[in-house]
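Q: prediction below, plus the sequence it came from.
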Amino acid sequence: MFTQEALTVIGGAAYINFKMMGFKKMKEIIELVSSKWGVIPDSSIS
């Protein structure tokens, strides 16, 4: 599991990427990372 600090950093980076690249690209990245880590994205993302 991630620490709260790591989640905050990841969340911040994800937000910046979301703003820069847009929702569709971010969703692709989330799905790619999720498949790589073997986790299912939260349903609120899709």
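A: That came through fine. Residues are numbered from 1 along each chain as shown.

Q: ok, Thr8 to Glu31 distance?
A: Using C-beta to C-beta, to the nearest Å, we find Thr8 at a distance of 22 Å from Glu31. In short, each C-beta sits where N, CA and C put it, glycine included.

Q: neighbour count: these two, which is higher?
A: Comparing Thr8 with Glu31 by other C-beta atoms under 10 Å, the one with more neighbours is Glu31, at 14 against 11.

Q: gap between the more buried one and Trp37?
A: 11 Å.

Q: for Tyr15, the count of nearby residues, please.
A: Neighbours of Tyr15 (other C-beta under 10 Å): 11.

Q: no, scratch that, I was asking about Ile29
A: Neighbours of Ile29 (other C-beta under 10 Å): 13.

Q: isn't it up against Ala13?
A: No: the pair Ile29 / Ala13 is not scored as a contact, 10.5 Å apart, by C-beta atoms under 8 Å.

Q: pLDDT on the helix or strand hosting Ser35, on average?
A: Element membership of Ser35 [criterion: DSSP states H and E] is helix 23-37. Per-residue pLDDT over helix 23-37 has a mean of 78.

Q: what is that helix packed up against?
A: In this structure, helix 23-37 makes packing contacts with helix 4-21, judged by 3 or more C-beta pairs under 8 Å, 6 or more residues apart in numbering; DSSP states H and E.
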